[in-house]
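Asks: Give me coordinates for this.
(2 chains)
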Amino acid sequence: MAKTKPNKLKARLPRGFVDRSAADIRATDAMLAKIRGVYEAYGFDPVETPAFEYTDCLGKFLPDTDRPNAGVFSVQDDDEQWMSLRYDLTAPLARHVSENINEIQLPFRSYRAGWVFRNEKPGPGRFRQFMQFDADTVGAPGVQADAEMCMMMADTMEALGIPRGQYIIRVNNRKVLDGVMAAIGLGDPEDAERRLTVLRAMDKYDKFGSEGVRLLLGEGRKDESGDFTKGANLSATAIDAIIEILEASAIDDLIDDRNDLTFKTAALSKLAINEEFEAGFSELKLISDLVTSAGYKADRISVDPSVVRGLEYYTGPVYEAELLFDVTNEKGEVVQFGSVGGGGRYDGLVKRFTGRDVPATGFSIGVSRLMTALKNLGKLKDDAVLAPVLVTVMDGDTESLARYQKMTQDLRSAGIRAEMYQGNWKKFGNQLKYADRRDCPLAIIQGGDERAEGVVQIKDLIEGKRLSGEIADNVTWRESRPAQISVPEAELVETVKRMLAEQADDRAKSGTEGAGA
RNA sequence: GCAGACGUAGCUCAGUUGGUUAGAGCGUCGGAUUGUGGCUCCGAAGGUCGUUGGUUCAACUCCAACCGUCUGUACCA
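Replies: Residues are numbered from 1 along each chain as shown, chains lettered A, B, ... in the order given. Okay, here's the model as predicted:
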């Protein structure tokens, strides 16, 4: 061969995207089935929308021509209309409901799982394509719908095998936060920017603790690399009040509602309670009563005034599911996992399209994130599916191939996963090597000698692997043909069945760890 | 987006003050062994040293820009 080297195309995956292995796909499928089971039990029906939407329907401003892909992946259609890959499943649902509002019976209860795309900087456990599994009730004005969502999230966590006490559904209300904003003097429309800064700072309580949040609420914070984040410049009293909210474990720690509603902590009590806050508080009270009487105590669903989510479009109750156990990543570091799902009430989203008030509430579970966590909890088997039995090929003539193929089909007909070797049959050693690397449980062997006697060899590859530790010399290893039995051709299927059952018993006895719930 | 660290074989990494032919382990492939996985031994393939430009007699090594990866931070529907 000449030394000329063609320009080989470099095989590469776009950053922030991943290929999924057989084990991942099977684990995801199993998870989705469990989640779906809960949603179906609550009376939700599946609805699916496409991956692309017109950009304006997603609620994003028209992409400006310089950076049409900021945050979202956008392309221009033939007619120059901007289209984008969806970045969540809620906006497309609002579009679907609005477009079919005359045919849809409200309240409309639906669920959907799908890939969503975000054009952002990827990080560990953070991808530009990931899966969400949503459930929404559209056309339900009462907070009882929100309460139901919280209970359904809690049930989903447990259906996935997360024990009670290892997760918590935390509930808050945008009206409560808006009321607090007004109380600290940020209620005017022109304060919108500072309000956002304050809410974002509150959202970072988990990450930076109260000291970090204090800085962000005040003058600003410098991070480890020396980069400076500007703060909200609140007064000392306002900062203290917000820290009190963040540090409270329940809303009753902050509020005295025996007669009139009053704040009872030091800094908050200097502020006046307003109508907005009061409305939010009574909604939270109602949700709490509803879920409590349905048997969901505070160890599962808890009102927590520090929850901040979806600053853009949530209008009332907001809720999120948080895992409480430690998660260790591949490098052995403990990572803060935080929220694996969340949602809230979005009363304005359908109105954008229809002009009608169509209140809605729903939540989203981050399937990919949750799967990473479940792996750590040992709730996912590595691969639940057994590799196939391999029928090896000793002779390549048509008649022999037909016999091997027939054996393979007989095994399949008996419900046994089986395949005939499809590589180069002349290298017999490679066939067993292939079987070994695929983790095949058994190999079927029939050469001319066996054929003449009307028998087949069945080799137990699992047992053989165990025996290999005791044999150092290759010639002995080959000639002893470990863990291999010879049976009449007619008994092939039943013997394979029996041996697979014995292997399954062994696995059940020794390897009970990692068994899924 | 901002700030910092880092880019050498498929993977993990050596590579001296700038010096002639860039190495190792693992993995891959072939052979010892044409009908038996593992172990062992022998052999082979595999590199635009991230890219482009600059300094120099000479660059994997120094400089710049770009690309990519990682970390922190910002944004996150």
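Asks: distance between the ends of stretch A:287-306?
Replies: Chord length of stretch A:287-306, first to last residue, is 16 Å (Cα to Cα, to the nearest Å).
Asks: Distance check, the nearest residue to A:Glu275 once chain neighbours are set aside against A:Phe277.
Replies: Of all residues not flanking A:Glu275 in the chain, A:Gly179 sits nearest, at 7.7 Å (Cβ to Cβ, 6 or more residues apart in numbering). For every residue, glycine as well, the C-beta is placed using N, CA and C. Distance, A:Gly179 to A:Phe277, using Cβ to Cβ, to the nearest Å: 3 Å.
Asks: Which of the two has more residues huddled nearby?
Replies: Shown here are A:Gly179 and A:Phe277; by other Cβ atoms under 10 Å, A:Phe277 has more neighbours (24 against 21).
Asks: Wasn't that one part of a strand?
Replies: No. Using DSSP: H, G, I helix; E, B strand; the rest coil, the assignment for A:Phe277 is helix, not a strand.
Asks: can you pull the contacts of it?
Replies: Listed by Cβ atoms under 8 Å, 6 or more residues apart in numbering, the contact set of A:Phe277 reads A:Lys175, A:Val176, A:Asp178, A:Gly179, A:Val180, A:Ala182, A:Ala183, A:Leu261.
Asks: which of those sit farthest apart?
Replies: Using Cβ to Cβ, those span at most 15.6 Å, a distance reached by A:Asp178 and A:Leu261.
Asks: So the two - more neighbours on which side?
Replies: Ranked by neighbour count (other Cβ under 10 Å), A:Asp178 and A:Leu261 place A:Asp178 first, with 20 against 13.
Asks: Can you list the residue ranges for strands in the stretch 301-450 of chain A?
Replies: Remark: strands assigned in the stretch 301-450 of chain A by DSSP state E, counting those that start in this stretch are A:301-303, A:317-323, A:327-328, A:334-335, A:339-345, A:360-366, A:389-391, A:418-420, A:442-445.
Asks: what's the answer for the stretch 151-300 of chain A, then?
Replies: Ranges of strands in the stretch 151-300 of chain A, per DSSP E, counting those that start in this stretch, are A:167-173, A:220-222, A:228-230, A:255-256, A:262-263.
Asks: Which one of those lies nearest to RNA strand B?
Replies: Across those, the minimum distance to RNA strand B, taken as Cβ to the nearest atom of the strand, is reached by strand A:228-230, at 4.2 Å.
Asks: for that closest one, packing partners?
Replies: For strand A:228-230, the contact count by 3 or more Cβ pairs under 8 Å, 6 or more residues apart in numbering; DSSP states H and E identifies strand A:220-222 as packing neighbours.
Asks: Run me through the strand neighbours of the strand it packs on, direction for each.
Replies: Strand pairing for strand A:220-222, determined by DSSP bridges: strand A:228-230 (antiparallel).
Asks: Show me chain A divided up by domain.
Replies: A:18-51+A:86-167+A:298-384, A:389-510 (automatic domain parsing).
Asks: quick one: is the shortest one near RNA strand B?
Replies: It refers to domain A:389-510. Yes. Interface with RNA strand B: domain A:389-510 contributes A:394, A:426-430, A:432-433, A:435-436, A:445, A:447-450, A:457, A:459-465, A:468, A:471-474, A:477-478, A:481-484 (Cβ under 7 Å from any atom of the strand).
Asks: taking the residues you listed one by one, which sit in helices?
Replies: Under the assignment DSSP state H, the residues of domain A:389-510 next to RNA strand B contribute A:428-430, A:432-433, A:435-436, A:448-450, A:461-465, A:468, A:474, A:477-478 to helices.
Asks: Point out where the stretch 101-250 of chain A drops to low pLDDT.
Replies: A:225-226 (pLDDT under 70).
Asks: ok, the closest residue to A:Arg20 other than its chain neighbours - contacts?
Replies: Leaving aside its sequence neighbours, A:Arg20 sits nearest to A:Thr28 (Cβ to Cβ, 6+ apart; 7.5 Å). A:Thr28 makes contact with A:Arg20, A:Met131, A:Val367, A:Met371, according to Cβ under 8 Å, 6+ apart.
Asks: my guess is A:Thr28 is in a helix, correct?
Replies: Yes. Under three-state DSSP, A:Thr28 sits within a helix.
Asks: for the residue of chain A found nearest RNA strand B, what are its contacts?
Replies: Distances between chain A and RNA strand B by Cβ to the nearest atom of the strand are smallest at A:Gly464, namely 1.7 Å. By Cβ under 8 Å, 6+ apart, the contact set of A:Gly464 is A:Pro482, A:Ala483, A:Gln484.
Asks: confidence score at it?
Replies: With respect to pLDDT, A:Gly464 has a value of 91.
Asks: Same check on the one 3 residues further on?
Replies: Looking at A:Leu467, its pLDDT is 87.
Asks: Is it correct that it is in contact with A:Pro482?
Replies: Yes. Assessed by Cβ atoms under 8 Å, A:Leu467 is found in contact with A:Pro482 at 4.2 Å.
Asks: tell me which parts of the stretch 1-150 of chain A are close to RNA strand B?
Replies: Taking Cβ under 7 Å from any atom of the strand as the contact definition, the stretch 1-150 of chain A meets RNA strand B at A:5, A:15-16, A:59-60, A:71-72, A:87-88, A:90-91, A:118-124.
Asks: among those residues, which are in helices?
Replies: Counting by DSSP H, those contribute A:Thr90, A:Ala91 to helices.
Asks: Show the buried residues in the residues of the stretch 1-150 of chain A next to RNA strand B.
Replies: A:Gly16, A:Gly59, A:Lys60, A:Val72, A:Tyr87, A:Asp88, A:Thr90, A:Ala91, A:Arg118, A:Asn119, A:Pro122 (16 or more other Cβ atoms under 10 Å).
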